[in-house]
Every structure is written in C-alpha cells, then in structure tokens.
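Asks: what shape does this take:
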Amino acid sequence: MTEASRPGPLEPVTEQWERALAIVAHPDDLEFGAAAAVARWTDQGKTVVYCLVTSGEAGIDGMPPDRAREVREAEQLQSARLVGVDTVEFLGLPDGILEYGVPLRRELAGVVRRHRPEIVLTNNFRDTWDGAYALNQADHIATGRAVLDAVRDAGNRWVFPEQLTDGSPPWNGVRQVWAASSPQAAHGVDVTATFDRGVASLRAHDAYLTGLGDGSFDAEEFLEGMSRPTGTRLGVRHGVAFEVFHFDLW
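Replies: A predicted model of the protein is given here:
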C-alpha cells in the first residue's frame, strides 16, 4: 500500500445523543463489529434498541429454518443483554431474500416511528466490505439502503400515513445514520474498554458460529483483525469504524 492510498485518520463520532436504534438484517450482524460500541454507549447511560429484520433462519445449513429461527433469536437476545440492550425486536421477514423497495421501507419507517431515535445504526451496505473484492451480502445491501429511505419516510406524515392513525406524529428527529464497517468510513469510536464485551456478544451466537465451518472460528481474533487497524486510525487500541450519513446538521 502506498502512502497516498493508506487510510487516513478517523474523526470520532458524536456522542451527544440519548437514544439509538440499530436496524440490521440478521442476528449476529451487529456482533461482527459494532457491539463493542453499543456496550460503550449503554455504559454511558444511553438507550440502544435492536431491530432484526429477519431471524436468520436460513443461516445454518445443518439446521431446519423453523428450529434455526428459535435458536438464533434466543442467541440474539442473550448477545444483546451482554452489551446492555434490553429491547430487541424481530420483524420476521424472510432470511436470504430481502428486497429493497417500498414494502421494506414501510416496515422500517414504522420501526423508526415507534422507537423515535436520534441516531440509527446499521451495517455496511456498500457492494463490498473492502472497497474492492470482498463482496457484501444481498440482505445487508437491501436493509441498509432501505434504512436511509425509511428515516426520511418516518418524518413525512404523507408517507405511510396509515401508521399514524392513532394520532402519533411522524418522527423527523433522526440526526444521523451510521453504517458500521463500511469501506467508506471516515468516523469511528474508541471501544478499547468494551472490546471484551463485544467478543462475548459474538461468542453468544454459538450455534451460528459452529455452523460456519470446521469449528475453528476465533471470535476474538476476527474482531481484533478489524478493531486494531481502526483503533490505529483513531489513535487508540481498539476501534469501530462508521460511515456517517447526515440528516440534520448539528
């Protein structure tokens, strides 16, 4: 890597907020990187809610989907508790075949309106993980794209107005959307103090991790492979990187 192409320093994300909503496609998506940041924020007294678009029922080759759904939801609940998250919502959409479009935007706008966050978290939804060759997965791409549009939709009373029939107002209080581990990330957060809890939260997905291959997957080694380079760009030991999308300039 030439000096000109070497990633530059990351700017710390703002932490002047109280409520965040994390919307991702599958159980384990947050744990593959962002959970240590969630632990940092819940330790600060902030509220973070998880929304899983699917239950990951198609994610374990050797387990029937109905059983995998039960197992993966239970693992996600335990994983969330380890980083201080008490509210976990499963939308139950079909795993592996999510499609970007109005139906998904409608679902996610409803979630944003219910939870009324200031910050929305999601995962990288660029075509690749590395900006070059490591292809992203279709559900991640569809979910992230829909999250951006759903945040706008949630603030417009004339979009999906059937969600507002109980007299509740639309929600236009989302200030930023943060996509974790994006190859275009320019921001980050120091997770040195909570890195171990992030590892524990990933290890809580035992059935899924066991099904990944020969059983040799090392959660700590994997997460260190991402957190150490990010930490270097932040000037700390461990970091999580985010691509920040602005909906309100503050």
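
Asks: hey, where'd the helices end up in the protein?
Replies: For the chain, the helices defined by DSSP state H occupy 35-43, 65-82, 102-115, 138-154, 195-203, 206-210, 219-234.

Asks: buried deepest among the ones you listed, which one?
Replies: Most buried of the helices of the chain by mean neighbour count (mean count of other Cβ atoms under 10 Å) is helix 35-43; its value is a mean of 25. C-beta: built from backbone N, CA, C; applies to glycine.

Asks: helices or strands next to that one in the packing?
Replies: With contacts taken as 3 or more Cβ pairs under 8 Å, 6 or more residues apart in numbering; DSSP states H and E, helix 35-43 sits against strand 47-52, helix 65-82, strand 187-190, helix 195-203.

Asks: what comes into contact with it?
Replies: For helix 35-43, contacts defined as Cβ atoms under 8 Å, 6 or more residues apart in numbering pick out 15, 20, 22, 30, 48, 79, 82-85, 121, 180, 189-191, 193-195, 197-199, 201-202, 223, 227, 238, 240.

Asks: now the helices and strands packed on helix 35-43 in CSV, please, with extra columns for distance to residue 96 and mean pLDDT.
Replies: Conversion of the helices and strands packed on helix 35-43 to CSV gives the following (distance: least, Cβ to Cβ, whole Å; pLDDT from 0 to 100):
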stretch, distance to residue 96, mean pLDDT
strand 47-52, 14, 98
helix 65-82, 10, 98
strand 187-190, 30, 98
helix 195-203, 21, 98
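
Asks: how about the helices of the chain in JSON lines, adding distance to residue 8?
Replies: Shown next, in JSON lines, are the helices of the chain (distance: least, Cβ to Cβ, whole Å):
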{"stretch": "helix 35-43", "distance to residue 8": "20"}
{"stretch": "helix 65-82", "distance to residue 8": "32"}
{"stretch": "helix 102-115", "distance to residue 8": "32"}
{"stretch": "helix 138-154", "distance to residue 8": "23"}
{"stretch": "helix 195-203", "distance to residue 8": "23"}
{"stretch": "helix 206-210", "distance to residue 8": "33"}
{"stretch": "helix 219-234", "distance to residue 8": "7"}
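
Asks: residue 174 is nearest to which of these?
Replies: Nearest to residue 174, of all the helices of the chain, is helix 138-154, at 4.7 Å by Cβ to Cβ.
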